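Undergrad: show me the folded form of this:
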Amino acid sequence: MKAAYRAMTRLCFIFILLSLAVSAGAQSEPDTVATLPGIEIETSVDMAEAYIGDLITYTLTIRYDTTYELIPPPLGANLGAFDVKDYLPDIETDLPDGRAESQTTFRLSTYTTGDYTIPPLPVIFTLPDSSRKILLAEPVPIKVLSLLENAGDSVDIRGLKAQYEFERDYTTYYIWGGLAFIVLVGAIVLWMYIRRREPEVVLDLRPPWEIAFEKLALLGETDLVAQNHHKEFYLDLTEIVREYVGRIYEVDVLEMTTEQFLECFGEVGLPGTLLDDLSEFFKHADQVKFAKHIPARNRTESDLSFAHSAVETVRKDFECRQLPETVINGIGNPEPPRTEEVPS
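TA: Numbers count the residues shown, from 1 in each chain. A predicted model of the protein is given here:
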């Protein structure tokens with residue numbers, strides 16, 4: 001008896017649980033209704049005709065009494081042949097009449113042509129008695145057009161067009177070439193103008209000592225010493241002597257120092273005591289030119305006189321070196337041969 005009672009108790013408990021489950025399932029299943037008081041549902045799109053790949057903005061607007069609880073449509077709602085490319089968050093707004101407005105926006109696109117319809121979206125509300133009701137939004141027709149529509153024979157594959165040859169613009173080359181030519185011509189003209197202005201070098205064919213004597217005479221007529229321009233006086237005086245001696249003995253002495261000059265002409269071999277005299281003359285001149293030494297007036301006159309005598313001494317030495325050796329030794333005119341007397 002006890003076992004049968006326990007079995008009956010278990011069966012009753014299982015039956016009660018199944019009844020509750022069926023009742024709960026029946027209550028959770030919402031009913032689809034055509035309208036509900038205080039609820040308005042609108043659907044809209046930004047274009048009724050679109051081309052393949054175009055983005056279509058689909059907007060679902062719901063106005064409802066706040067006594068209802070709105071369950072927004074899910075992101076994965078069935079939108080037929082359209083794919084959801086983007087989803088904007090719901091916008092909740094309070095209306096002046098006490099109701100609320102919810103706006104949901106989808107960005108849709110499709111890649112097939114034809115006449116399509118965005119199916120009605122189910123909108124679920126929870127009523128104050130905890131029951132649920134479904135309202136369906138209006139379907140929206142969309143026509144998807146092909147990009148090749150009315151293109152005629154443009155869809156046919158055509159042959160390649162001939163290669164386009166760009167005309168080369170030589171303007172830049174002409175400009176730079178013209179400028180280079182102008183610069184070249186200008187340089188040639190300037191060079192010719194400078195050459196014409198350069199003084200022509202006239203060779204003085206006179207003997208070197210005549211040129212030196214003339215320069216010394218002109219230097220003596222200047223008033224450099226009277227104006228205490230001793231440095232300029234000795235610069236000109238020593239240059240005259242150096243240039244003359246160097247020209248006679250064919251030695252480039254203008255760039256030599258005094259020591260180099262004396263060493264060089266020590267090897268050449270100047271006549272008499274001329275080398276020692278020139279050494280004293282140049283060393284005194286260097287003191288005036290470089291050490292700002294002021295010589296006495298009689299010293300400048302004696303140095304100018306020495307320069308004359310040095311030119312003359314070198315001239316005589318030069319002429320002697322040009323004569324035959326027999327003439328230099330005094331036997332240039334040999335005596336006539338003597339004849340022996342023959343005794344009769």
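Undergrad: residue 164 belongs to a helix?
TA: No: using DSSP: H, G, I helix; E, B strand; the rest coil, the assignment for residue 164 is coil, not a helix.
Undergrad: what is the neighbour count of it?
TA: For residue 164, the neighbour count with other C-beta atoms under 10 Å is 5. Just so you know, the C-beta spots here come from the backbone N, C-alpha and C atoms, and that holds for glycine as well.
Undergrad: likewise residue 186?
TA: Using other C-beta under 10 Å, residue 186 has 10 other residues around it.
Undergrad: for residue 184, phi and psi?
TA: Backbone geometry at residue 184, expressed as degrees, to the nearest 10, gives phi -60, psi -50.
Undergrad: separation between it and residue 35?
TA: As judged by C-beta to C-beta, to the nearest Å, residue 184 and residue 35 stand 98 Å apart.
Undergrad: in the protein, what spans have low per-residue confidence?
TA: Within the chain, the ranges that satisfy pLDDT under 70 run 1-29, 74-78, 148-159, 197-202, 323-344.
Undergrad: domain ranges for it?
TA: For the chain, automatic domain parsing gives the domain ranges 31-145, 208-326.
Undergrad: the ones you listed into a markdown table, with extra columns for distance to residue 179 and mean neighbour count?
TA: Converted to a markdown table, the domains of the chain look like this (distance: least, C-beta to C-beta, whole Å; neighbours: other C-beta atoms under 10 Å):
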| stretch | distance to residue 179 | mean neighbour count |
| --- | --- | --- |
| domain 31-145 | 56 | 14 |
| domain 208-326 | 43 | 15 |
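Undergrad: can I get those domains in TSV including distance to residue 190?
TA: Formatted as TSV, these follow (distance: least, C-beta to C-beta, whole Å):
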stretch	distance to residue 190
domain 31-145	72
domain 208-326	31
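Undergrad: and the helices in this protein?
TA: Using DSSP state H, the helices of the chain run over residues 2-28, 171-197, 208-221, 230-248, 258-268, 274-290, 297-322, 325-328.
Undergrad: out of those, flag the one nearest residue 113.
TA: Checking the helices of the chain against residue 113 by C-beta to C-beta gives helix 2-28 as the closest, at 41.5 Å.
Undergrad: for residue 240, see how far away the closest residue in space to residue 282 that isn't next to it in sequence is.
TA: Nearest residue to residue 282 in three dimensions, chain neighbours excluded: residue 258, at 4.5 Å (C-beta to C-beta, 6 or more residues apart in numbering). Per C-beta to C-beta, residue 258 is found 15 Å from residue 240.
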